[in-house]
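just the structure for this:
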Amino acid sequence: MATFLGSIVLLIAGYAVYSKVIEKAFKIDDSRKTPAYTVNDGMDYVPMSWWKGWLIQLLNIAGLGPIFGAVAGALYGPVAFLWIVFGSIFAGGVHDYFSGMLSLKHKGAQFPQIVGKYLGKFAQKSIVVISLVLMILVTAAFTAGPAQLITQVTSIPFLMALVIIFAYFFLAAILPINKIIGKIYPIFGAIIIFMAVAIGGVLVFGDYTIPNLTFTNLHPEELPVWPLLMVTISCGAISGFHSTQSPIISRTMKKESEGRKIFYGAMIGEGVIALVWAAAGMTFFHGTGGLQTALAAGGPAGVINEMSSTMLGTAGGILALLAVIILPVTTGDTALRSSRMIVMESVSKWLDPEKKSAVILATTVLSIPAFLLSTIDYSFLWRYVGGTNQLSATIMLWVAVSYLLKEGRAHAHLLAGIPALFMTGVVATYFLYAPEMMNLDYTFSLIGGGIVALIVAVVYIRQILRHREVAVRNTIVEPNH
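As a prediction, the model looks like this:
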C-alpha cells in the first residue's frame with residue numbers, strides 16, 4: 001500500500017516541480033499568437049479552452065492503453081510502479097511536452113515535419129512511414145476488439161460492427177475538431193477518470209492489500225524486465241503514439257503557457273491511471289500467477305470486466321463494458337485523423353489540405369488498409385505495435401535534444417538526452433530479442449543493445465561539443481577597424 005500511495009504522490013510532485021523545469025527549458029512566450037488564431041481554418045485550427053484540450057489529449061493518448069498495458073505489465077510485480085512513475089515524469093512527460101510545443105512553435109506541424117526540421121529529411125521520410133504504419137495498426141487493433149465485444153453482447157455481426165465503427169471514424173476524421181471530438185471527448189474522458197478514481201478508492205479503502213515494492217521479477221514466465229516491461233507499459237510511461245496525437249491539440253491552444261497543463265499534465269494523468277490498474281491487477285487476483293491465469297482465460301477485456309464488476313458492482317460492470325467499447329474507438333478515430341493530417345502535409349504539393357474533397361480522399365485511402373487489417377486476427381498486430389511505438393518515442397526525444405542544442409539551452413538538452421539514451425537501449429535490445437523481431441539470445445541482445453546505445457551516446461557527445469564550439473565562435477567580438 002505504501003508503495004502505491006507514494007507513487008501517486010511522486011507523480012503529482014513530478015507535475016508540480018519537474019514540468020516547470022521542462023517549461024523553463026522550452027521558454028514559453030504568451031505574447032506569441034498560436035496557430036489556432038493565425039491559421040484558424042475552422043477545421044483543425046480552432047481555439048478551445050485548455051481544460052477541454054486536456055481532456056481530449058488525455059483520451060487521445062490514453063484510451064485503453066494505460067489500462068490494458070498496465071494490467072499486462074502488472075505480471076512483473078511492483079517493479080512496474082517504478083517504470084510508471086519515473087517513466088512518466090522523466091521520459092513520457094518530456095516527450096509529450098516537446099512533441100506538443102514544437103508542433104505549436106511550427107504552426108501546428110505534424111510529427112514527421114518536426115522530425116525533418118531537427119533530424120533531417122531522411123529521418124522525416126522514414127518517420128512518415130513509421131508513423132503511418134503505427135497509426136494504421138493502432139486503428140485496426142483498436143477497432144477489432146470493440147467490434148468483437150459488440151458482436152458478443154448484441155446480435156450485430158462482426159463485419160457490420162466494423163462498418164459502424166469505421167463510419168464513425170470517417171466522420172470524426174473529416175469533420176471540424178469541435179463538431180464531434182470537441183463535444184463528446186470530455187464526456188468519455190470523464191468515464192476513464194471516474195473508473196480510475198473508483199478502482200483506486202476501493203483498493204485503498206476496501207479489503208485489499210496492494211503489494212509493496214520489490215525488485216524481484218515476479219513474472220510467472222520469468223520474462224525479462226529489461227526491455228519488455230518498458231514496451232509492455234508504454235501508455236502510462238512513454239509512448240511514441242502520443243507524438244502523433246499532440247499536434248491535434250497544439251492547433252487548438254490559446255496560449256503557450258497552456259502546454260504544461262495540457263501535454264505534461266495529460267501524461268501525468270495517464271500515469272496515475274496506469275498506476276491504479278497495475279495495482280488492481282497485482283492485487284485483485286492475489287499475485288501475478290492468478291493474474292496470468294485470468295488473462296489467459298478472458299484476455300485484458302475479461303480481466304477489466306471481472307475487476308470492475310466485482311469491485312464496483314453492476315454500475316462498474318456497465319462502465320467496464322462501455323470503456324472496453326468506447327475508449328479504444330476514441331483512440332482509433334484520432335489515429336485516423338492524425339494520419340490523414342500527416343499524409344496531407346506530406347503531399348500538400350498535390351493535394352490542397354483546405355479542400356474538403358482532398359480531406360475525404362486522404363481519409364478514404366487510409367481507412368482501407370486499416371479496415372482490412374481489422375478483419376483478421378488482430379492479436380498479432382499488438383506484437384508489432386509495441387516496438388514501432390517505442391521507436392517513435394525515442395526519435396521524438398532525440399528531436400527534443402536537437403532543438404535544445406540548436407537553441408543553445410546550456411545543459412537543458414540533458415533533460416531529453418538522458419531519457420533518449422535510455423529508450424535507445426530499450427528499443428535496440430527489444431528489436432534484437434523480441435520473438436516478432438530478430439528473436440536472438442537474450443544475453444546477445446543485451447550486448448547488442450548496449451553497443452547501439454554506446455554508439456549513439458558517442459554521436460550525442462560529439463554533437464554537444466560541436467554546438468559548444470559554434471557557441472564560442474559566435475561570442476567572439478570582432479575588433480574594430
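
which pLDDT value goes with residue 157?
Model confidence at residue 157, given as pLDDT, is 91.

residues in contact with it?
If you count contacts by C-beta atoms under 8 Å, 6 or more residues apart in numbering, residue 157 has them with residue 151. (C-beta placed from N, C-alpha, C; glycine too.)

tell me which stretches of the stretch 151-300 of the chain form helices.
Along the stretch 151-300 of the chain, the stretches classed as helices by DSSP state H, counting those that start in this stretch are 158-174, 181-205, 225-232, 241-250, 258-259, 265-284, 288-346.

report the angle between the fourth one and helix 181-205.
Note on geometry: by axes from the mean of the first three to the mean of the last three C-alpha atoms, to 10 degrees, helix 241-250 and helix 181-205 are set 130 degrees apart in direction.

before we move on, what about the longest one?
Our comparison of helix 288-346 with helix 181-205, counting by the same axes, to 10 degrees, yields an angle of 160 degrees.

need the next SSE after helix 288-346, C-terminal direction.
Sequence order places helix 356-374 as the next helix or strand after helix 288-346, per DSSP states H and E.

what about the helix or strand following that next one, distance to the chain center?
Heading C-terminal from helix 356-374, the first helix or strand you meet, by DSSP H and E, is helix 382-406. Centroid separation between helix 382-406 and its chain, computed with C-alpha atoms, centre = their mean, to the nearest Å, is 11 Å.

give me the helices and strands touching the next helix or strand after helix 382-406, please.
Heading C-terminal from helix 382-406, the first helix or strand you meet, by DSSP H and E, is helix 414-433. Under the contact definition 3 or more C-beta pairs under 8 Å, 6 or more residues apart in numbering; DSSP states H and E, helix 414-433 sits against helix 19-26, helix 93-105, helix 225-232, helix 382-406, helix 442-475.

tell me the helices and strands packed up against the second one.
Counting contacts by 3+ C-beta pairs under 8 Å, 6+ apart, helix 93-105 is packed against helix 19-26, helix 111-119, helix 241-250, helix 258-259, helix 265-284, helix 382-406, helix 414-433.

okay, and for the stretch 351-481 of the chain, where does confidence drop off?
Within the stretch 351-481 of the chain, the stretches with pLDDT under 70 are 351, 353, 377-382, 477-481.

mind redoing it with 50?
Applying pLDDT under 50 to the stretch 351-481 of the chain flags residues 481.

give me every residue that touches the closest residue to residue 397 other than its chain neighbours.
The spatially closest residue to residue 397, leaving aside those adjacent along the chain, is residue 420, at 3.7 Å (C-beta to C-beta, 6 or more residues apart in numbering). By C-beta under 8 Å, 6+ apart, residue 420 lies in contact with 394, 397-398, 400-401, 460.

can you tell me how far residue 420 is from residue 411?
Taking C-beta to C-beta, to the nearest Å as the measure, residue 420 falls 15 Å from residue 411.

repeat for residue 195
Distance, residue 195 to residue 411, by C-beta to C-beta: 41 Å.

with residue 71 instead?
38 Å.

who has more neighbours, these two?
residue 71 (30 against 10; other C-beta atoms under 10 Å).

in what helix or strand does the more buried one lie?
Secondary structure from DSSP H and E places residue 71 in helix 65-73.

show me what the following helix or strand past that helix is packed against.
Next along the chain after helix 65-73, taking DSSP H and E as the criterion, comes helix 79-87. Helix 79-87 is packed against helix 2-13, helix 65-73, helix 225-232, helix 265-284, with contacts defined by 3+ C-beta pairs under 8 Å, 6+ apart.

skipping its backbone neighbours, what lies nearest residue 251 in space?
residue 108 (3.9 Å).

count of residues packed around that neighbour?
With other C-beta under 10 Å as criterion, residue 108 counts 25.

any idea how far residue 416 is from it?
From residue 108 to residue 416 the distance is 21 Å (C-beta to C-beta).

please apply the same query to residue 371.
With C-beta to C-beta as the criterion, residue 371 and residue 416 are 37 Å apart.

compare neighbour counts for these two and give me the winner.
Neighbour tally, residue 371 and residue 416, criterion other C-beta under 10 Å: the higher count belongs to residue 416, 28 against 18.

distance check, that one against residue 466.
Going from residue 416 to residue 466 by C-beta to C-beta gives 17 Å.

residue 249 against residue 55, yeah?
No - with contact defined as C-beta atoms under 8 Å, residue 249 does not count as touching residue 55 (10.0 Å).

now stretch 339-351: buried residues?
Buried residues in stretch 339-351, counting neighbours by 16 or more other C-beta atoms under 10 Å, are found at 339-346, 351.

err, stretch 314-331, not the other one
316, 319-321, 323-331.

do stretch 455-462 as well
Residues 456, 460 are the ones in stretch 455-462 that count as buried (16+ other C-beta under 10 Å).

could I get the CA-only coordinates of that stretch as PDB?
Taking Å, rounded to 0.1, in the frame of the first residue of the first chain, the C-alpha atoms of stretch 455-462 are listed here in PDB:
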ATOM      1  CA  ILE A 455      27.500   4.400 -30.400                       C
ATOM      2  CA  VAL A 456      24.500   6.800 -30.200                       C
ATOM      3  CA  ALA A 457      26.000   8.300 -27.000                       C
ATOM      4  CA  VAL A 458      29.300   8.900 -28.700                       C
ATOM      5  CA  VAL A 459      27.400  10.700 -31.600                       C
ATOM      6  CA  TYR A 460      25.500  12.700 -29.000                       C
ATOM      7  CA  ILE A 461      28.600  13.800 -27.200                       C
ATOM      8  CA  ARG A 462      30.200  14.900 -30.500                       C
END
